[in-house]
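Visitor: A structural model of the following input is requested.
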Amino acid sequence: MPLYNRLKEYRASINVNQQQMGRLVGVSRQTISQIERGDYSPSVTLALKIANVFQVSVEDIFKFEEEEQ
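Guide: Model prediction:
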């Protein structure tokens, strides 16, 4: 399930590192790293918390693209 994101870009825009971002949303630095790499898809709750930090919609940060069959 390809879930693309712009988390790294948004995080850079407010000048916070992965550790700080993790603290803001209640997860580890490793989780933020995995999300940015596309190795982990956040829960709806976590995606909402992340979007809330930037005061944007979830869709501004995360984009789901269906795989072609």
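Visitor: Now the helix or strand containing Thr31: buried residues?
Guide: Assigned by DSSP states H and E, Thr31 belongs to helix 29-37. Buried residues in helix 29-37, counted by 16 or more other C-beta atoms under 10 Å: Thr31, Ile32, Ser33, Gln34, Ile35, Glu36. Heads up, the C-betas are built off the backbone N, CA and C, glycines and all.
Visitor: ok, those vs Phe64, which is closest?
Guide: Proximity of those to Phe64, judged by C-beta to C-beta, is greatest for Ile35, which lies at 13.7 Å.
Visitor: And the contacts of the helix holding Thr31?
Guide: Contact with helix 29-37 is made by 5, 7-8, 11, 17-19, 21-22, 40-42, 50, as judged by C-beta atoms under 8 Å, 6 or more residues apart in numbering.
Visitor: cool, stretch 44-52 as well?
Guide: Applying C-beta under 8 Å, 6+ apart, the set of residues contacting stretch 44-52 from outside is 7, 21, 24-27, 35, 42, 57-58, 60-62.
Visitor: what are the ranges of the strands in the protein?
Guide: Applying DSSP state E to the chain gives strands spanning 3-5, 62-64.
Visitor: Report the contact partners of Tyr40.
Guide: Contacts of Tyr40 were listed using C-beta under 8 Å, 6+ apart, and they are Thr31, Gln34.
Visitor: hmm, 6 Å instead?
Guide: Counting by C-beta atoms under 6 Å, 6 or more residues apart in numbering, Tyr40 touches Gln34.
Visitor: Tyr4 too?
Guide: Lys63.
Visitor: and it, bridged to which residues?
Guide: Beta-bridge pairing for Tyr4 (DSSP bridges): Lys63.
Visitor: And Gln18, how far from Arg6?
Guide: Distance, Gln18 to Arg6, using C-beta to C-beta, to the nearest Å: 15 Å.
Visitor: tell me the mean pLDDT over stretch 36-56?
Guide: What stretch 36-56 shows for mean pLDDT is 97.
Visitor: Pull out the buried residues from that stretch.
Guide: Neighbour-count burial for stretch 36-56 flags Glu36, Pro42, Leu46, Ala47, Lys49, Ile50, Ala51, Val53, Phe54 (criterion: 16+ other C-beta under 10 Å).
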